[in-house]
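Enquirer: just the structure for this:
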Amino acid sequence: MPSAAGWHLLERLHAEGVLLRYHGDFDWPGIAIASRVLGLARPWRLGAEDYRQALTLLPRTAALPLSGEAVATPWDPALAEAMRGA
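Expert: Residues are numbered from 1 along each chain as shown. Sure thing, here's the model as predicted:
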């Protein structure tokens, strides 16, 4: 989660027309943070296909089930579906 200074910087860059891209963690808290940041930025490698690809690269022994409340992913509704099904 960006600090107050981080938010200020993001807001100023956005106001100046800078194209901001954001990628965060593929867990529910990370998606919640993305939902806030994507008001100022565009998603970068933060879609359903990116999630599925990340799962293929993760060793099975390192995979942990997602916990917590599911969060909507309006930038790619298929992402939340993929995460719920994983």
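
Enquirer: how far off centre is stretch 13-22?
Expert: Relative to its chain's centre, stretch 13-22 lies at 17 Å (Cα atoms, centre = their mean, to the nearest Å).

Enquirer: then stretch 48-55?
Expert: From the chain centre to the centre of stretch 48-55 is a distance of 12 Å (Cα atoms, centre = their mean).

Enquirer: contact partners of that stretch?
Expert: Stretch 48-55 is contacted by residues F26, A63, D76, A78, L79, E81, A82, M83, A86 when judged by Cβ atoms under 8 Å, 6 or more residues apart in numbering. C-beta here means a position set from N, CA and C on the backbone, and glycine is covered the same way.

Enquirer: T61: how many residues sit nearby?
Expert: 5 (other Cβ atoms under 10 Å).

Enquirer: repeat that for Y22.
Expert: Counted with other Cβ under 10 Å, Y22 comes out at 19.

Enquirer: ok, and the closest non-adjacent residue to it?
Expert: A41 (4.1 Å; Cβ to Cβ, 6 or more residues apart in numbering).

Enquirer: confidence score at that neighbour?
Expert: Note on A41: pLDDT of 97.

Enquirer: now do the biggest helix by length in the chain: which elements does it pack against?
Expert: Longest helix in the chain by number of residues (criterion: DSSP state H): helix 4-15. Helices and strands in packing contact with helix 4-15 are not found; criterion 3 or more Cβ pairs under 8 Å, 6 or more residues apart in numbering; DSSP states H and E.

Enquirer: could you list the residues in contact with that helix?
Expert: Residues from elsewhere that reach helix 4-15, judged by Cβ under 8 Å, 6+ apart: P2, L20, V37, L40, A41.

Enquirer: next, the buried residues of that helix.
Expert: For helix 4-15, burial by neighbour count (16 or more other Cβ atoms under 10 Å) applies to L10.
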